[in-house]
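*Asks:* Provided below for reference: sequence and predicted model.
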Amino acid sequence: MDYLIHTENLSKFYDVGSVKYNALQGVDISVGYNELAAIVGPSGSGKSTLLHLIGGLDRPSSGIVRVEGNNLSELSEQDLADYRSKKVGFVFQFFNLIPYLSAQENLELSMSIARINKKERKTRALELLKVFGLESLAKKKPTELSGGEQQRTAIARALVNSPSLILADEPTGNLDTASSIVVMDAFRELIEKRKVSVIMVTHNHELMKYCDRIIKLRDGKLESMEIKK
Ligand SMILES: Nc1ncnc2c1ncn2[C@@H]1O[C@H](COP(=O)(O)OP(=O)(O)OP(=O)(O)O)[C@@H](O)[C@H]1O
Ligand SMILES: [Mg+2]
């Protein structure tokens, strides 16, 4: 089988003073095309670290991340930047919305990084805000939005450049059940219509039922990988 994502013996150590933290230790996982995969595990088990390495936001200490067979470590800085801005949509655990920009401008900024023209930026931003029920909040800044609204803005932002891979760190963490289902349905629709894969961290057992693959981490190691389809 061809995989979109494949990691080989992936490890990440952090040096903090004289102490070395093993955030990930020899993790081998795969994620197929058009899949919704969940990464689960206790706090500190390495979920965000794994997501950041797959997204090319951070470099492994050792081991390999392959995307469509290509080793991310072998890409030039420019190719890696293009991968991050055009192929991947990130929903960060702490949203990372730009505080002095409105919801709409936050979406438009991600598109200007990918060199989309101004008119198209506005059209797409408003369309996506609408999908997540945020059209009336487009002019508000993150501090003027509730936690759930900020989260939905961050999810809308991840989709602006039509990525082929969405990496979402607890995308429904602050959302009520109804809003969580809107997000899961949006992911499913993207997977079916646009050939996207989604890898999301979640603690929610209800949402795991929507997933095709469950990657379980514990203490920086792969505990199990269950494939459901
Ligand atoms: N920048 C860093 N410097 C040092 N240690 C770090 C750093 N980032 C993460 N760690 C450590 O690596 C381990 C894994 O962290 P990670 O953020 O991947 O966990 P997580 O599974 O996402 O946890 P949570 O569910 O709480 O978000 C933790 O022990 C954490 O303390
Ligand atoms: Mg985390």
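*Replies:* Yep, it's here. Ligands and ions are numbered 1, 2, ... in the order given.
*Asks:* what sits against Leu190?
*Replies:* Listed by Cβ atoms under 8 Å, 6 or more residues apart in numbering, the contact set of Leu190 reads Leu159, Ile166, Val196, Val198. No exception for glycine: its C-beta is placed from N, CA and C like everyone else's.
*Asks:* buried sites along stretch 121-131?
*Replies:* Neighbour counts over stretch 121-131 (16 or more other Cβ atoms under 10 Å) mark Arg121, Lys122, Arg124, Ala125, Leu128, Leu129, Val131 as buried.
*Asks:* which bits of the chain sit near ligand 2?
*Replies:* Within the chain, the positions lying close to ligand 2 (Cβ under 5 Å from the ion) are Ser48, Gln93.
*Asks:* how about the strands in the chain?
*Replies:* For the chain, applying DSSP state E gives strands covering 5-16, 19-27, 30-31, 36-40, 62-67, 70-71, 88-91, 165-169, 197-201, 213-218, 221-227.
*Asks:* mean neighbour count, distance to ligand 1 and mean pLDDT for the ones you listed - can I get that in a markdown table?
*Replies:* Output for the strands of the chain, formatted as a markdown table (neighbours: other Cβ atoms under 10 Å; distance: least, Cβ to the nearest ligand atom, whole Å; pLDDT from 0 to 100):
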| stretch | mean neighbour count | distance to ligand 1 | mean pLDDT |
| --- | --- | --- | --- |
| strand 5-16 | 17 | 3 | 96 |
| strand 19-27 | 16 | 3 | 95 |
| strand 30-31 | 21 | 17 | 97 |
| strand 36-40 | 24 | 8 | 97 |
| strand 62-67 | 18 | 15 | 97 |
| strand 70-71 | 12 | 22 | 94 |
| strand 88-91 | 24 | 13 | 94 |
| strand 165-169 | 24 | 7 | 96 |
| strand 197-201 | 25 | 7 | 96 |
| strand 213-218 | 19 | 7 | 97 |
| strand 221-227 | 14 | 12 | 96 |
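*Asks:* neighbours of the residue in the chain that ligand 2 sits nearest to, just the number please.
*Replies:* Among all residues of the chain, Ser48 sits closest to ligand 2, at 3.2 Å; criterion: Cβ to the ion. Using other Cβ atoms under 10 Å, Ser48 has 20 neighbouring residues.
*Asks:* distance check, it against Ser136.
*Replies:* Computed as Cβ to Cβ, to the nearest Å, the Ser48 to Ser136 distance reads 32 Å.
*Asks:* could you give the bridge partners of Ile227?
*Replies:* Arg213 (DSSP bridges).
*Asks:* now the helix ranked longest in the chain against strand 165-169, angle please.
*Replies:* Looking across the chain with DSSP state H, the single longest helix is helix 177-194. Per axes from the mean of the first three to the mean of the last three Cα atoms, to 10 degrees, the angle that helix 177-194 makes with strand 165-169 is 160 degrees.
*Asks:* correct me if wrong: the residue of the chain closest to ligand 2 contacts Asp169.
*Replies:* Yes: with contact defined as Cβ atoms under 8 Å, Ser48 reaches Asp169; the gap is 5.5 Å.
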